[in-house]
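K.L.:
no sequence for this one, just the structure:
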């Protein structure tokens, strides 16, 4: 795979895989990365309500920090 920068659309064999990133109007790379991080992985991590399966039930509290 090609060297892909965070925030840039991936292109493999001449085909753009992340069209939404390619067409995004934000041109400032730092602002683009900030928006991506704040709106995708952080809310997903904060939304974790349950970890593990039945074996870990009652094992204690899990704390997640970013």
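P.N.:
Received the coordinates, thanks. The model shown is predicted, which means the values in this text are computed figures rather than measured ones.
K.L.:
quick one, what contacts residue 18?
P.N.:
Going by C-beta atoms under 8 Å, 6 or more residues apart in numbering, residue 18 touches 9, 10. All C-beta atoms are positioned from the backbone trio N, CA, C, and that covers glycine.
K.L.:
where along the protein do the strands fall?
P.N.:
With DSSP state E, the ranges of strands along the chain come out as 11-12, 15-16.
K.L.:
What mean pLDDT does the first one get?
P.N.:
Spelled out, that is strand 11-12. Summarised as a single mean, pLDDT over strand 11-12 is 88.
K.L.:
partners of that strand, with directions?
P.N.:
Paired strands of strand 11-12, with direction, are strand 15-16 (antiparallel) (DSSP bridges).
K.L.:
ok so, going back, how about TSV for the strands of the chain, with mean neighbour count added?
P.N.:
Formatted as TSV, those follow (neighbours: other C-beta atoms under 10 Å):
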stretch	mean neighbour count
strand 11-12	12
strand 15-16	10
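K.L.:
which stretch among these comes nearest residue 47?
P.N.:
strand 15-16 (29.0 Å; C-beta to C-beta).
K.L.:
starting at the chain centroid, how far to that closest one?
P.N.:
20 Å (C-alpha atoms, centre = their mean, to the nearest Å).
K.L.:
Name the surrounding residues that touch it.
P.N.:
9, 10, 22.
K.L.:
Dump the strands of the chain into TSV; add distance to residue 41 as well.
P.N.:
What follows is those, written out as TSV (distance: least, C-beta to C-beta, whole Å):
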stretch	distance to residue 41
strand 11-12	22
strand 15-16	22
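K.L.:
JSON lines for the contacts of strand 15-16, including neighbour count and distance to residue 40?
P.N.:
Shown next, in JSON lines, are the contacts of strand 15-16 (neighbours: other C-beta atoms under 10 Å; distance: C-beta to C-beta, whole Å):
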{"residue": "9", "neighbour count": "15", "distance to residue 40": "15"}
{"residue": "10", "neighbour count": "14", "distance to residue 40": "15"}
{"residue": "22", "neighbour count": "12", "distance to residue 40": "17"}
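K.L.:
Using TSV, lay out those residues together with distance to residue 45.
P.N.:
Shown next, in TSV, are the contacts of strand 15-16 (distance: C-beta to C-beta, whole Å):
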residue	distance to residue 45
9	24
10	23
22	26
